[in-house]
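# missing the sequence, but the structure's below:
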């Protein structure tokens, strides 16, 4: 009786409210009279397609979003997998509200998986004139804890396993920031416990309207609900607004993001160039791609894979004639991916990969999926590197990690030293068939050279190089510090408990769930 009662309770709780009719809205056409549009016009050489500024340094990347939001005059379209209730999240939400109060139209779309600590803030933000907030694929109830959300929706897991992993920020329809970073302290080197090596780019030019169309497709999709349909306020509207303002410090001066004079590529803060009315950018033909927001709703897993950003990513890799270098924090190639890498090696295409070591991986079970293919990758002649938390902490060229744990989160690739990919896609089954993803493909030898430089800093100064011994069953991890080679024969920097869990639990998890 208890089991039947619990099942009935779960069934009753696990139902979304009726979806109200939402007004479909579209990106506002760029106005050439806005400050940002004038800067883009002044920065664009004749005949160029799309311009880019890589953002390898976390604090520079956060500052770029804040600077664009503060200068926007017409619209801000913002889409993220995670907006955390911390310093970075509070700063962004405050800046969005400030923009709306001066008349900027703000559309904010957030995946609902990790909103347990932010949904009241988001609801309060949505009460501001000129701001609309929507949730992607929301949970119905028991919203205060992630575990409770899933328990209350036990009969709806298939739907809820489909998440929006996209990251996109568009200002006045003329400048965008896209890449791998969510909005949380650890993506901007502001967390005391752990921080990510990641990559974003400031984007202008002809690819920005493509990004705007992608945002509109998600914003108006049937997967999206107005936040007020899902989240119930804990207090009255006035108190909710007061709590929001207090949380983000609306009454005080805006917090400043402390920036070094230049980043590793030699660029200064973007605000200085915006003040000067002209930006230095690297140019090339570009194309933005994204999964449909309804991914999996009307298709099988095979159909989702065939039309996915992941498959288009693989298509670019397979065009390689000489070399491929890629970074993926979660690397589970699967049988199809392995066949693709082996085919590249048979054509004498050099393949180099940087991923997380077990000690650096924030999803240890995903590491077990990668480990299944590690020996086979090395046998095929793939050069493998795994990020070292300790070496990353000591390497200050990509930012000050302090005593925090360094992890890889950048999803990038360079093909034949001219084509590059930057976006949200991991080379794992979840990106391929479950999550929605977004990415940009660019043809630019100059931009590719800068991205290669960034990847090589992590590869050579913050990672272990893997080597397979002649018996083809023993892996060694090699580092070179102070001209002294160190060779390890077990997962470096990991604890025996981490290794034990992966050995015991890893084989039990189906690969398509990693």
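Cool, got the structure. A quick note: this is a predicted structure, and the numbers were derived from the prediction, not measured. Numbers count the residues shown, from 1 in each chain.
# break this protein into its domains for me.
28-261+272-276, 289-513 (automatic domain parsing).
# so residue 487 sits in a strand?
Yes. Checked against DSSP: H, G, I helix; E, B strand; the rest coil, residue 487 lies within a strand.
# what residues are up against it?
476-478 (C-beta atoms under 8 Å, 6 or more residues apart in numbering). In this view, the C-beta of every residue, glycine as well, is placed from N, C-alpha and C.
# now, which of the residues you listed sits nearest residue 333?
residue 477 (19.8 Å; C-beta to C-beta).
# helix, strand or coil for the closest one?
strand.
# of the contacts of residue 487, grab the buried ones for ChimeraX.
Buried members of those, defined by 16 or more other C-beta atoms under 10 Å, are picked up in ChimeraX with:
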select :477
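# make sure residue 98 is actually in contact with residue 70.
Yes. The criterion here is C-beta atoms under 8 Å, and residue 98 meets it with residue 70 at 7.3 Å.
# for the stretch 1-150 of the chain, just list every one of the strands.
Using DSSP state E, counting those that start in this stretch, the strands assigned to the stretch 1-150 of the chain run over residues 50-55, 75-80, 105-111, 131-136.
# how about those strands, which one is nearest residue 402?
strand 50-55 (20.2 Å).
# could you tell me the least trusted of the domains of the chain?
Mean pLDDT values for these show the minimum at domain 289-513, a mean of 91.
# sorry, back to before: highest average neighbour count across the strands of the stretch 1-150 of the chain?
For these, the largest average neighbour count (mean count of other C-beta atoms under 10 Å) is found in strand 50-55, namely a mean of 26.
# quick one, what contacts residue 161?
Counted by C-beta under 8 Å, 6+ apart, residue 161 has contacts residue 434.
# going forward, begin numbering at 45 instead of 1
Sure, I'll start numbering at 45, so the last one becomes residue 205.
# and it, how far from residue 407?
15 Å (C-beta to C-beta, to the nearest Å).
# got it, and residue 384?
23 Å.
# same question for residue 427.
23 Å.
# so how far is the helix or strand harbouring residue 347 from its chain's centroid?
If you go by DSSP states H and E, residue 347 is part of helix 345-350. Put simply, helix 345-350 sits 22 Å off its chain's centre (C-alpha atoms, centre = their mean, to the nearest Å).
# ok, and for the next helix or strand after it, which residues are buried?
The element immediately downstream of helix 345-350 (helix or strand, assigned by DSSP H and E) is helix 353-362. Within helix 353-362, the residues that count as buried by 16+ other C-beta under 10 Å are 353-354, 356-358, 360-361.
# next one: stretch 266-273
With burial defined by 16+ other C-beta under 10 Å, the residues of stretch 266-273 counted as buried are 267-273.
# can you check stretch 198-211 too?
200, 204-211.
# list just the nearest of those residues to residue 379.
residue 205 (21.8 Å).
# stretch 541-556 spans what distance, first to last residue?
From its first residue to its last, stretch 541-556 covers 25 Å (C-alpha to C-alpha, to the nearest Å).
# other residues contacting it?
Contacts for stretch 541-556 (C-beta under 8 Å, 6+ apart): 345, 376, 378, 402-403, 408-409, 411-413, 415-416, 473, 477, 534-535.
# can you turn the buried part of those into a PyMOL selection?
Buried members of the contacts of stretch 541-556, defined by 16+ other C-beta under 10 Å, are picked up in PyMOL with:
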select buried, resi 376+378+402+403+408+411+412+413+415+416+473+477+535
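# could you work out the most separated pair of the contacts of stretch 541-556?
Largest pairwise distance in the contacts of stretch 541-556, by C-beta to C-beta, is 35.4 Å, between 345 and 534.
# who's in contact with the residue nearest in space to the middle of the chain?
Nearest to the mean C-alpha position of the chain, counting by C-alpha atoms, centre = their mean, stands residue 224 at 2.9 Å. Contacts for residue 224 (C-beta under 8 Å, 6+ apart) come out as 211, 242-244, 453-456, 466-468.
# gap between it and residue 360?
17 Å.
# ok, residue 515 next?
Taking C-beta to C-beta, one finds residue 515 at 35 Å from residue 360.
# from residue 453, how far off is the residue nearest to the centre of the chain?
Noted for residue 224: a distance of 6 Å to residue 453, by C-beta to C-beta.
# and the helices in the stretch 145-294 of the chain?
Listed in chain order, the helices of the stretch 145-294 of the chain (DSSP state H, counting those that start in this stretch) span residues 163-170, 190-196, 201-204, 251-263, 271-274, 281-292.
# what about residue 394, how many residues nearby?
14 (other C-beta atoms under 10 Å).
# the closest residue to it other than its chain neighbours - how many residues pack around it?
Using C-beta to C-beta, 6 or more residues apart in numbering and skipping the chain neighbours, the partner closest in space to residue 394 is residue 367 (4.1 Å). Residue neighbour count, defined by other C-beta under 10 Å, stands at 16 for residue 367.
# shouldn't residue 367 be in contact with residue 457?
No. Assessed by C-beta under 8 Å, residue 367 is found out of contact with residue 457, at 10.9 Å.
# what residues sit buried inside the helix holding residue 347?
348-349.
# show residues contacting that helix.
335, 339-340, 355, 476-477, 556.
# and of these, the nearest to residue 372?
Distance to residue 372, by C-beta to C-beta, is smallest for residue 476 among these, at 12.0 Å.
# from residue 283, how far out is that closest one?
45 Å.
# more neighbours, these two?
Applying other C-beta under 10 Å to residue 476 and residue 283 shows that residue 476 carries more neighbours, namely 27 against 12.
# so who does the more buried one touch?
348-349, 352, 354-355, 378.
# swap the cut-off to 7 Å and go again
349, 352, 354 (C-beta atoms under 7 Å, 6 or more residues apart in numbering).
# isn't the second one up against residue 335?
Yes. With contact defined as C-beta atoms under 7 Å, residue 352 counts as touching residue 335 (5.6 Å).
# who has more neighbours out of these two?
Set side by side, residue 352 and residue 335 show more neighbours around residue 335, with 30 against 24, by other C-beta under 10 Å.
# apart from its neighbours in sequence, what residue is nearest the more buried one?
residue 480 is the one closest to residue 335 (C-beta to C-beta, 6+ apart), at 4.1 Å.
# count the neighbours of the one you found for me.
Counted by other C-beta under 10 Å, the residues lying close to residue 480 total 28.
# how much space between it and residue 262?
Residue 480 sits 8 Å away from residue 262, going by C-beta to C-beta.
# common neighbours of the two, please.
With C-beta under 7 Å, 6+ apart, residue 480 and residue 262 have common neighbours 208, 337.
# still on that earlier bit, any common contacting residues for residue 224 and residue 453?
residue 242.
# assumed residue 502 was part of a helix.
Yes. Counting by three-state DSSP, residue 502 is located in a helix.
# one step back: mind checking the strands of the stretch 45-194 of the chain for the one nearest to residue 215?
strand 119-124 (5.8 Å).
# ok and the closest one relative to helix 251-263, angle-wise?
70 degrees (axes from the mean of the first three to the mean of the last three C-alpha atoms, to 10 degrees).
# so where do the helices sit in the stretch 295-444 of the chain?
Using DSSP H, counting those that start in this stretch, helices in the stretch 295-444 of the chain cover 314-320, 345-350, 353-362, 378-390, 408-423, 433-438.
# now for these, which one comes closest to residue 95?
helix 314-320 (12.0 Å).
# can you get me a residue count around the closest residue to residue 106 other than its chain neighbours?
Distances taken as C-beta to C-beta, 6+ apart put residue 232 closest to residue 106, at 4.2 Å, once the chain neighbours are dropped. Residue 232 has 26 neighbouring residues, counting by other C-beta under 10 Å.
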